[in-house]
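Student: Sequence and predicted structure, then a few things I'm wondering about:
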Amino acid sequence: MSDKIVIYQIFTRLYGNNCTARIPNGSIEDNGCGKLNHFTPKVLRQIRQMGVSHVWYTGIIRHATTTDYTRYGLPRQHPAVVKGRAGSPYAIVDYYDVDPDLAEDVEQRMQEFERLVSRTHRAGLKVVIDFVPNHVARQYHSVARPEGVRDLGEDDNPEVGFDPQKNNFYYCPGQTFTPYFDLYHGEREPYTETPAKATGNDCFHNAPGRNDWYETVKLNYGVDYYAGHVGHFQPTPDTWTKMLHILLFWAQKGVDAFRCDMAEMVPAEFWAWATARVREAYPEVRFIGEVYNPAEYRRYIASGFDYLYDKVGMYDAMRDVICHRRTSEAITQAWQQTDDIRDHMLYFLENHDEQRLASDFFAGSGEKGVPGLVVSALMQKGPFMLYFGQEWGERGMDAEGFSGRDGRTTIFDYWSLSMPPTLTLPPKLGGDRGLNEGKNEDKGQDACSDPQPPNLGGLQEVYSRVLNIARTEKCVSQGQMFDVMYANRQYARQYAFLRKAGKDVMLVVANFDDQPLTMQLCIPDHAYDYLEMQERAYRAEDLLSGEERSLVLIKGTPVEVSLEARGAVVYKLR
């Protein structure tokens, strides 16, 4: 049986942090920080019981930060080129190291990560981490690289802007880095960089602006941007070899999948070369690509990606339908655009880049997203992803510091989630030290000690039910989908489809309206023929509520379906 993938993205620095000080622009001492060891066997079991198959631990690899770890032999970064006090997890300073913020014992940070991987696997979950291939922090320097590995930029010739095989970075020869901001940033000495390196968002000059990724530098995969994006891939560029080594390093640690940041900013030729070589050694490793250009989807799938974000299509459509900016026909149009690659498309309603569903910038409450959850999770075989806190309606409306009040949960600041203190965490991260499974693996205390999870109410239960339906029902993981909305165009804020696998049939109907209604749903004749459905009376169980009723499916006869405001039914027909 091919199980449906459900990915739970966790911003590791925040999950498990019970400090409620929440001082804007606060230090790690002020605001605290979550730890790898907070993911106890009990916590991981609770995540799995929610219907999750994969945990994406965001922010594992060591990145630029203003926190001083020089006493552990780690170079300090200049705050002028760090966003926020904690720093962005996408400004990597050492591809071979673990973020020391996440360790209870900094000197044992890699061992703590390795034990986390082991615990996650024992809980029946797979591990996803970020691979950030397009750019690194401006002060990148690996102190943890294995013996014999040359550092990025170590052998570069900065006197030339581009070298197709040798240079790992792009340069602005003879020019000093002069961004829009003050290079002192409170320090006695300014940050200096001569010659300036190109900035990560393809900014090939020495003066990045406020909206540029000024804290990062672009990696050179053999593409000459100065000469119109001409690729030079033979012989193999040095950056390719270095990045493949990094992938293999983490795969050897037991990582099951890589979420590849801004994958489309790295040439598809590299991905085809690298993914094939990783799978030679680790055949089960999966690659998830952050690709936003629909015209490039098929090329990147052909280059080795198992799954791609469906952001520009399905996410944007679903957000507009939830917010009543478009009718539900937009959902049909979105899946049709990728119908030939539907099993490769990853659906989501939140991630660290997007605004929280419950924020004032989006729907205003998590409950309003329930119909979008049901449709996104159950419509196709491809993966569904949720962001930690989404399941209990985290709003992301704090002004944390660098992040500002933007409806997102900060990735730049030390913080904790903004729920009331008794509801700070979904499963309480305590009462189950059990990390060692009989061995003395971890020491220290959890961030909290209450052994019981808080009662978070109905929304979390809805998420658990929907995700477990996605994971366990054959109709979802293996079945065909039939969109019935072309025969029900009078319903602009509702969406309905059938799923069928073997003899199992499922009817899913979602109401995006703020008012309840009773639909007279037409099942097209073609649905009976295409899905080989029998015309007869069925016993229908709503897998969301547990209620049962009789449904008579006969060609030409509408099916009456009653829906709550912002509600849904998932009928399993027997």
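Tutor: In hand now; what should we look at?
Student: neighbours around Val552, how many?
Tutor: Using other CB atoms under 10 Å, Val552 has 12 other residues around it. For glycine as for every other residue, the C-beta is placed from the backbone atoms N, C-alpha and C.
Student: how near is it to Leu247?
Tutor: 55 Å (CB to CB, to the nearest Å).
Student: And the strands in the stretch 401-550 of the chain?
Tutor: Under the criterion DSSP state E, counting those that start in this stretch, the stretch 401-550 of the chain contains strands at 480-483, 494-501, 504-511, 517-521, 536-542, 548-553.
Student: Relative to Thr239, which of the ones you listed is closest?
Tutor: strand 480-483 (40.8 Å; CB to CB).
Student: For that closest one, name the packing helices and strands.
Tutor: Packing partners of strand 480-483 (3 or more CB pairs under 8 Å, 6 or more residues apart in numbering; DSSP states H and E): strand 494-501, helix 525-531.
Student: Flag the shaky bits of this protein, pLDDT-wise.
Tutor: The model of the chain has pLDDT under 70 over residues 1-2, 418-457.
Student: check contacts around the residue nearest to Phe181 when sequence neighbours are not counted.
Tutor: Closest residue to Phe181 apart from its sequence neighbours, by CB to CB, 6 or more residues apart in numbering: Ala80 at 6.9 Å. Residues near Ala80 by CB atoms under 8 Å, 6 or more residues apart in numbering: 181-185, 187, 190-191.
Student: Give me the secondary structure label for Ala80.
Tutor: helix (DSSP: H, G, I helix; E, B strand; the rest coil).
Student: can you tell me how far it sits from Tyr180?
Tutor: 11 Å.
Student: Next: Gln337.
Tutor: Counting by CB to CB, the gap from Gln337 to Tyr180 is 38 Å.
Student: Looking at the two, which is more packed in?
Tutor: Gln337 (18 against 11).
Student: these two touch, right, that one and Gly313?
Tutor: Yes. Assessed by CB atoms under 8 Å, Gln337 is found in contact with Gly313 at 5.4 Å.
Student: shared neighbours, the two?
Tutor: By CB under 8 Å, 6+ apart, the residues touching both Gln337 and Gly313 are Pro294.
Student: Can you tell me which of the contacts of Ala80 is nearest Asp504?
Tutor: Nearest to Asp504 among the contacts of Ala80, counting by CB to CB, is Phe181 at 58.6 Å.
Student: residues contacting the closest one?
Tutor: 80, 210, 214.
Student: and the last one, helix, strand or coil?
Tutor: Which is Tyr214. Per three-state DSSP, Tyr214 ends up coil.
Student: Any idea how many residues pack against it?
Tutor: Quick note: Tyr214 (other CB under 10 Å) scores 23 neighbours.
Student: For it, list the residues it contacts.
Tutor: 81, 179-181, 199, 208.
Student: Which member of those is positioned nearest Tyr171?
Tutor: Scanning the contacts of Tyr214 for proximity to Tyr171, where the rule is CB to CB, the winner is Thr199, at 11.8 Å.
Student: Touching, that closest one and Val217? I think so.
Tutor: Yes. Applying CB under 8 Å, one finds Thr199 in contact with Val217, separated by 6.5 Å.
Student: ok, back up a step: ok, the contacts of Phe181 vs Thr472, which is closest?
Tutor: Of the contacts of Phe181, the one sitting nearest to Thr472 (CB to CB) turns out to be Tyr214, at 46.5 Å.
Student: Can you report phi and psi for the closest one?
Tutor: As for Tyr214, its main-chain torsions (degrees, to the nearest 10) stand at phi -60, psi -20.
Student: Now it: closest residue in space that isn't a chain neighbour?
Tutor: Take Tyr214 and drop its neighbours on the chain: the residue closest to it by CB to CB, 6+ apart is Pro208, 4.1 Å away.
Student: thinking the one you found is in contact with Gly200, fair?
Tutor: No. Contact criterion CB under 8 Å: Pro208 and Gly200 do not qualify, at 9.1 Å.
Student: Provide a complete list of residue ranges assigned to strands in the stretch 251-400 of the chain.
Tutor: Using DSSP E, counting those that start in this stretch, strands in the stretch 251-400 of the chain cover 257-260, 286-289, 307-309, 345-348, 384-387.
Student: Relative to Thr472, how far out is the closest residue to Glu473 other than its chain neighbours?
Tutor: Ranked by CB to CB, 6+ apart and with sequence neighbours excluded, the top spatial neighbour of Glu473 is Met506, at 6.7 Å. Note on Met506: its distance to Thr472, by CB to CB, is 12 Å.
Student: Neighbour count: those two, which is higher?
Tutor: Met506 (23 against 14).
Student: So in terms of bridging, what pairs with that one?
Tutor: In this structure, Met506 bridges to Arg499, Lys572 when assessed by DSSP bridges.
Student: Contacts only, for it.
Tutor: Neighbours of Met506 in contact, by CB under 8 Å, 6+ apart: 378, 473, 475-476, 479, 498-500, 570-573.
Student: Share the number of residues neighbouring Val230, please.
Tutor: Val230 has 12 nearby residues by other CB under 10 Å.
Student: Phi and psi next, for it.
Tutor: Torsion angles, degrees, to the nearest 10, at Val230: phi -80, psi 130.
Student: gap between it and Val149?
Tutor: Distance from Val230 to Val149, by CB to CB: 29 Å.
Student: ok, back up a step: dump the contacts of Met506 into JSON lines; add distance to Ser562 as well.
Tutor: Shown next, in JSON lines, are those (distance: CB to CB, whole Å):
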{"residue": "Leu378", "distance to Ser562": "19"}
{"residue": "Glu473", "distance to Ser562": "22"}
{"residue": "Cys475", "distance to Ser562": "22"}
{"residue": "Val476", "distance to Ser562": "23"}
{"residue": "Gly479", "distance to Ser562": "25"}
{"residue": "Leu498", "distance to Ser562": "18"}
{"residue": "Arg499", "distance to Ser562": "20"}
{"residue": "Lys500", "distance to Ser562": "23"}
{"residue": "Val570", "distance to Ser562": "14"}
{"residue": "Tyr571", "distance to Ser562": "12"}
{"residue": "Lys572", "distance to Ser562": "17"}
{"residue": "Leu573", "distance to Ser562": "17"}
